[in-house]
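Colleague: Sequence isn't available, so here's the structure alone:
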């Protein structure tokens with residue numbers, strides 16, 4: 001057995017109720033469970049802290065109890081903007097506070113000693129890591145969204161700036177890694193998210209419920225889901241849509257759903273995903289942009305057939321259209337509604353796709369994903385240059401750990417060509 005490693009996972013915050021935070025706590029538990037010493041670091045606290053089932057096996061640190069605006073560094077675009085005394089004052093405060101946080105981070109890193117690995121899960125958090133003393137440590141920079149989503153946001157410039165010198169840049173799919181490599185990021189590779197739920201009970205797939213889990217924000221496409229449901233509920237009045245999650249667009253979405261409120265339930269943030277999924281027969285992912293959606297991993301593990309917009313490589317890696325779920329062109333609400341209706345009326349198809357999903361998702365069993373991380377850690381330990389490693393990996397990627405192949409399942413009709421992915425409406429740092 002390998003000697004315990006010292007691992008830090010650094011996020012914008014570690015206690016918000018989000019997919020990134022679920023990943024971070026699950027990753028911390030997996031590494032700690034096999035003997036590594038793990039510290040999960042949040043730059044600041046989330047707006048509504050959530051426990052995430054902490055079990056004491058890993059440490060949790062917060063650098064700033066609160067973080068006032070501005071979140072981003074001030075970058076005056078025109079000479080006259082340099083005369084803005086208020087903006088200069090805010091930037092001085094931001095820089096001083098950031099240096100204090102980075103100094104605390106340096107203390108944590110120094111206590112670990114040489115050979116530790118720092119996994120930076122978000123680009124905003126990387127600003128602190130770059131200011132900290134990482135001498136003798138290996139730094140892994142991660143992006144949990146698709147290349148296209150980053151490319152169409154302010155994160156693109158910051159990823160290029162802050163991730164270029166990391167020992168490794170990790171994304172979630174081979175397609176995204178290749179896109180970043182073509183864009184000049186020569187340190188890029190990919191490791192998917194690990195399956196993080198173990199169902200104790202499975203849905204019967206007989207209840208007339210479609211479940212949708214996600215932040216109530218523009219990129220998650222809940223407004224598109226309500227457009228879809230307006231079509232579906234008219235033809236299938238006995239079915240209900242359960243929406244789980246909270247976010248900035250909740251009031252607007254409730255207003256949008258007023259005309260179909262009798263068949264839509266906003267159920268808020270769900271602490272126990274099993275509670276949400278066992279009551280459903282179909283899962284819906286209406287996102288405009290995604291990385292490697294944890295909610296789909298969960299739905300597949302519970303044997304729910306998923307209908308999703310084909311909005312990112314991570315969605316395509318999880319779902320093979322017509323075999324273990326259904327993909328439709330991004331933003332095509334008519335096609336999404338038709339796919340839901342087909343599953344609503346065909347109980348046997350629901351069961352076939354759900355069973356295939358349960359088998360297919362085992363490709364992302366924690367043991368298989370941890371083996372990928374161990375390979376990376378071993379390369380770090382041997383001290384090989386990351387650029388040489390990436391060159392070798394791009395031209396001769398070794399076989400991944402043995403995992404089950406996708407099982408056969410009923411094929412659906414081919415879908416229409418894909419549209420361009422829409423831009424994100426905001427900046428998630």
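Modeller: Now that the structure is in, tell me what you want to look at. This one's a predicted model, so the numbers in the text were calculated from it and none came from an experiment. Numbers count the residues shown, from 1 in each chain.
Colleague: Give me the sheet partners of the lengthiest strand in the chain and which way each runs.
Modeller: Taking DSSP state E as the criterion, the chain has its longest strand at strand 37-44. If you go by DSSP bridges, strand 37-44 pairs up with strand 6-11 (parallel), strand 59-64 (parallel).
Colleague: Identify each buried residue in the helix or strand hosting residue 161, please.
Modeller: Element membership for residue 161, per DSSP states H and E: helix 155-162. Neighbour counts using 16 or more other CB atoms under 10 Å place 155, 158-159, 162 of helix 155-162 among the buried residues. C-beta: built from backbone N, CA, C; applies to glycine.
Colleague: Now the element after it, going C-ward?
Modeller: Criterion used, DSSP H and E; the element after helix 155-162 is strand 168-171.
Colleague: And the average pLDDT for whatever helix or strand comes next after that next one is what?
Modeller: Per DSSP H and E, the first helix or strand lying C-terminal to strand 168-171 is helix 174-182. Taken as a whole, helix 174-182 carries a mean pLDDT of 98.
Colleague: and the angle from whichever helix in the chain runs longest to strand 59-64?
Modeller: The helix that spans the most residues within the chain, counting by DSSP state H, is helix 85-112. Helix 85-112 and strand 59-64 are oriented at 160 degrees to each other (axes from the mean of the first three to the mean of the last three CA atoms, to 10 degrees).
Colleague: From the contact counts, what lies against helix 85-112?
Modeller: strand 6-11, strand 37-44, strand 59-64, helix 123-131 (3 or more CB pairs under 8 Å, 6 or more residues apart in numbering; DSSP states H and E).
Colleague: just to revisit the earlier point, figure out which of the strands paired with strand 37-44 is closest to residue 111.
Modeller: strand 6-11 (8.9 Å; CB to CB).
Colleague: in the following helix or strand past the closest one, what counts as buried?
Modeller: Sequence-wise, the next helix or strand downstream of strand 6-11 (DSSP H and E) is helix 19-33. Buried residues in helix 19-33, counted by 16+ other CB under 10 Å: 19-32.
Colleague: go on, stretch 73-87?
Modeller: For stretch 73-87, burial by neighbour count (16+ other CB under 10 Å) applies to residue 74.
Colleague: same question, stretch 168-176
Modeller: Using 16+ other CB under 10 Å as the test for burial, stretch 168-176 gives 168-173, 175-176.
Colleague: now swap in stretch 51-61 and tell me
Modeller: 52, 58, 60.
Colleague: Looking at the residues you listed, spot the one nearest residue 230.
Modeller: Nearest to residue 230 among those, with distances taken as CB to CB, is residue 52, at 34.7 Å.
Colleague: who are the neighbours in contact with that closest one?
Modeller: Taking CB atoms under 8 Å, 6 or more residues apart in numbering as the criterion, residue 52 is in contact with 14-15, 21-22, 25.
Colleague: ok, residues contacting stretch 22-34?
Modeller: Contacts to stretch 22-34, defined as CB under 8 Å, 6+ apart, come from residues 5, 7, 9, 11, 14, 38, 40, 52-55, 57-58, 119, 121, 144, 193-194, 196, 294, 366, 370, 373.
Colleague: In ChimeraX, how would I select the buried members of those?
Modeller: Buried residues within these, by 16+ other CB under 10 Å, are selected in ChimeraX with:
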select :5,7,9,11,14,38,40,52,58,119,121,144,193,194,196,294,366,370,373
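Colleague: Not counting sequence-adjacent ones, nearest residue to residue 105?
Modeller: residue 132 (4.0 Å; CB to CB, 6 or more residues apart in numbering).
Colleague: Kindly report the same for residue 282.
Modeller: Spatial nearest neighbour of residue 282, chain neighbours left out: residue 210 (4.6 Å); criterion: CB to CB, 6+ apart.
Colleague: so that neighbour, which of the three states?
Modeller: strand (DSSP: H, G, I helix; E, B strand; the rest coil).
Colleague: if we can go back for a sec, and of the strands paired with strand 37-44, who's closest to residue 269?
Modeller: strand 6-11 (18.3 Å).
Colleague: The closest one to helix 123-131, inter-axis angle?
Modeller: 130 degrees.
Colleague: quick revisit: just the buried residues of the longest helix of the chain, please?
Modeller: Neighbour count says helix 85-112 has 91, 94, 98, 101-102, 104-106, 108-109, 112 buried, by 16+ other CB under 10 Å.
Colleague: Repeat that for stretch 246-255.
Modeller: Going by 16+ other CB under 10 Å, stretch 246-255 has these buried residues: 247, 249-250, 253.
Colleague: Quick check: the two most widely separated of those?
Modeller: 247 and 253 (8.7 Å).
Colleague: and for these two, which residues touch both?
Modeller: residue 216.
Colleague: ok, now which ones touch the closest residue to residue 170 other than its chain neighbours?
Modeller: Excluding the flanking residues, the one nearest residue 170 by CB to CB, 6+ apart is residue 142, at 4.8 Å. Under the criterion of CB under 8 Å, 6+ apart, the neighbours of residue 142 are 119-122, 169-171.
Colleague: Would you list the phi and psi of residue 142?
Modeller: Backbone dihedrals for residue 142, given as degrees, to the nearest 10, come out at phi -120, psi 150.
Colleague: measure it to residue 21 for me?
Modeller: 13 Å (CB to CB, to the nearest Å).
Colleague: same question, residue 326
Modeller: As judged by CB to CB, residue 326 and residue 21 stand 28 Å apart.
Colleague: Check which helix or strand residue 297 maps to.
Modeller: Assigned by DSSP H and E, residue 297 belongs to helix 294-301.
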